[in-house]
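Enquirer: using only what follows, build the 3D model:
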Amino acid sequence: MPSVSPSTLPPSFGSLSAIALVTLLSPGWLPIDVVDASDTRPVQFDLHPVVAAHTVDPNDASVVQIQLKVSSIVPSIHDRPMDQWTLRLIPRNDRLVVRDYSPQTSGASHLDGSIDVKVTEEDSESFGLASVVSYGPASADAGVDNINKTIESRSFRELPQLRAITAAGTIRHGRGVYYQLRHDRQQILEGEKCFTVTYQVPNDWQAGLFDVFIEAKRQTRPFGRFETVERTVATQHFTVAAYRPDNQVAKAWAYDLFHAEAELRNATTQWQQMRNQSGGFPAMLQSLASTMDHLANASDGARHHDRDQWLEGLLQADVDPYTNPAVRRLPVDLRVLAIAYCDKRDELSAIETQPVDTPSSQAERLVSNRTDGASDRGN
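Expert: Residues are numbered from 1 along each chain as shown. Below is the predicted model:
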C-alpha cells in the first residue's frame, strides 16, 4: 500500500467522520439503478420507460390508458428474498386524475372452498331414589331412576378467512396509484406483472412524465430477538414517458428522452468505476476529505443530493444541473450529458399540450368550413 504523508492531506481529514466515510467509496456503493453486471442486490426490477397512452373512446380524447409491465428478478429460484413489493405510479402533471386501475384489490385463502361446521349440544337430567330396609339377618332395597337426555345438532358452512394478496388504490388525492403484492401460495412475486391505469387528461394533452417507485420488503428475525421486523431489501425509481400513439413528435421525444437517460446512466457507471479503481489510495483520501468539507458547509438541500445521489435527483427533476454543487464537480463530458438530458426533458413543455383530432372534432371542423364557405359565397 502506498505511504501517505500527513502533509498531503487537508486539515479536516484528521476527524473520525472522514475516516468513517472510507467505506462509501467501495465499488458496491453506487446510486440506485446505476449498477454494473456484478450487481448482487437480492431483488432487481425492470420496466420499459416508454409507453403509449391509448385513447379509450375514439370520440373522447380526455380519457387515456397506459400499461406498465414490471419484471422482478431474483438471483436464485430456490430463495425467497422478498415477502412483498410495492409500486407507486405518480404523474408529474397535476392535471391528470385517475379514472380506473387494474388489478384491483383481491384476497385469497389457504383453504379451498367453504368450511363445514357442526355444533352438537347435549342436555341430560337424571333422578334416582334408593331405599334399604334391614331387619335382623334379612334386608331389602329398592330404587327408582329417571334419566332424560336431549341432543341437538346444527350444521352450517362458514367461509374461510381471506388474506389480501394484492392491494391497490389511489394516492396523492386521486392522481397516483399504488399496488402492493404479497407472497402467497396462490401468487408468486417473481416474473412479469402487468398494471393498467386509466387517466382523465386535458383534451389537448399529448405526452407526459410519470415517476414509478418500487420497494421490496422482507420479514426477518434479528439475532437475539423473538419478534420479526420488516426490512427493505430493494428500492428503485424509474422515469416513464407516455405519449399519444398518433402524435409522432411526442413519440420521438419520448424515445429520445429514453436514450438520453440510458446514455447518462451508462456514462455515470463508467465514471464511478474508473474513479474507484484508478485513483489510488492517496487520491481517494483527498476526495473523501474534500467531500466532507463540502458537506459540512453545504445547505441541507445540497447535502441531500451530494454523495453521488445527484443522478436520482436529476431524474426526478429535483436537481438543477447548472447550480447543484455535485453536478458542477462532475467531469465535463458527464456534465454535458446531464445538461443534455435536462434539456430534452424540458422540451415536454412545448409538446405536452396540443389540439387533438378526434372523429367528432373533425366533423365539427368540416361543418364549420362548409358554413364559412356558404357564407362567403352569399356575400
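Enquirer: parallel or antiparallel, list what pairs with the helix or strand hosting T198.
Expert: Element membership of T198 [criterion: DSSP states H and E] is strand 191-200. Paired strands of strand 191-200, with direction, are strand 60-73 (antiparallel), strand 97-102 (antiparallel) (DSSP bridges).
Enquirer: mean neighbour count, these: which tops it?
Expert: Among these, ranked by average contacts under mean count of other Cβ atoms under 10 Å, first place goes to strand 60-73 (a mean of 18). No exception for glycine: its C-beta is placed from N, CA and C like everyone else's.
Enquirer: could you measure from I73 over to H173?
Expert: I73 is 33 Å from H173, where distance means Cβ to Cβ, to the nearest Å.
Enquirer: nope, R329 is what I meant
Expert: Counting by Cβ to Cβ, the gap from R329 to H173 is 38 Å.
Enquirer: of these two, who's got more company?
Expert: The neighbour count for R329 versus H173, taken as other Cβ atoms under 10 Å, is higher for R329 (14 against 9).
Enquirer: all strands for the chain, in order.
Expert: 44-47, 50-52, 54-57, 60-73, 84-91, 97-102, 106-108, 115-135, 138-158, 163-171, 176-182, 191-200, 207-220, 229-243 (DSSP state E).
Enquirer: what residue ranges in the chain score low on pLDDT?
Expert: Counting by pLDDT under 70, the ranges of the chain that qualify are 1-41, 76-79, 107-120, 122-149, 151-153, 156-164, 186, 278-308, 354-379.
Enquirer: what about the longest helix in it?
Expert: helix 248-278 (DSSP state H).
Enquirer: would you mark the buried spots in that helix?
Expert: Going by neighbour count (16 or more other Cβ atoms under 10 Å), the buried part of helix 248-278 is 250-251, 253-254, 257-258, 260-261, 264-265, 267-269, 272, 275.
Enquirer: show me what that helix is packed up against.
Expert: strand 50-52, strand 207-220, strand 229-243, helix 310-315, helix 332-346, helix 348-351 (3 or more Cβ pairs under 8 Å, 6 or more residues apart in numbering; DSSP states H and E).
Enquirer: deepest in the core, which of those is it.
Expert: Comparing the helices and strands packed on helix 248-278 on average neighbours per residue, with mean count of other Cβ under 10 Å, the densest one is helix 310-315 at a mean of 22.
Enquirer: alpha carbons of that one, as CSV, please.
Expert: Provided in CSV are the C-alpha atoms of helix 310-315 (Å, rounded to 0.1, in the frame of the first residue of the first chain):
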residue,chain,number,x,y,z
TRP,A,310,-27.2,13.7,-7.8
LEU,A,311,-28.4,11.3,-10.5
GLU,A,312,-31.6,10.3,-8.8
GLY,A,313,-32.3,13.9,-8.0
LEU,A,314,-31.7,14.8,-11.7
LEU,A,315,-34.0,12.2,-13.0
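Enquirer: circling back to that earlier point, now for the helices and strands packed on helix 248-278, which one comes closest to S155?
Expert: strand 207-220 (38.3 Å; Cβ to Cβ).
Enquirer: parallel or antiparallel, which strands does the closest one pair with?
Expert: The pairing partners recorded for strand 207-220 under DSSP bridges are strand 84-91 (antiparallel), strand 229-243 (antiparallel).
Enquirer: report the angle between the first one and strand 176-182.
Expert: Regarding strand 84-91 and strand 176-182, their directions subtend 170 degrees when assessed with axes from the mean of the first three to the mean of the last three Cα atoms, to 10 degrees.
Enquirer: next up, the contacts around R92.
Expert: R92 makes contact with G208, L209, F210, D211, A317, according to Cβ atoms under 8 Å, 6 or more residues apart in numbering.
Enquirer: got those residues as TSV, with distance to P202 columns?
Expert: What follows is the contacts of R92, written out as TSV (distance: Cβ to Cβ, whole Å):
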residue	distance to P202
G208	10
L209	15
F210	16
D211	20
A317	20
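Enquirer: ok, so of these, who is nearest V63?
Expert: Using Cβ to Cβ, G208 comes nearest to V63 of the contacts of R92, at 14.3 Å.
Enquirer: separation between the closest one and E230?
Expert: Taking Cβ to Cβ, one finds G208 at 33 Å from E230.
Enquirer: if I look at the nearest residue to V64 once chain neighbours are set aside, how far off is I90?
Expert: Spatial nearest neighbour of V64, chain neighbours left out: A53 (4.0 Å); criterion: Cβ to Cβ, 6 or more residues apart in numbering. Distance of A53 to I90, given as Cβ to Cβ: 15 Å.
Enquirer: count of neighbours near T323?
Expert: Using other Cβ under 10 Å, T323 has 9 neighbouring residues.
Enquirer: do the same with L87
Expert: Neighbour count for L87, taken as other Cβ under 10 Å: 22.
Enquirer: isn't it up against C194?
Expert: No. Applying Cβ atoms under 8 Å, one finds L87 not in contact with C194, separated by 11.5 Å.
Enquirer: who touches both of those two?
Expert: Counting by Cβ under 8 Å, 6+ apart, the residues touching both L87 and C194 are L68, V70.
Enquirer: state the distance from the residue nearest to V43 when sequence neighbours are not counted to N324.
Expert: Excluding its sequence neighbours, the residue lying closest to V43 (Cβ to Cβ, 6+ apart) is A234, at 4.1 Å. A234 is 26 Å from N324, where distance means Cβ to Cβ.
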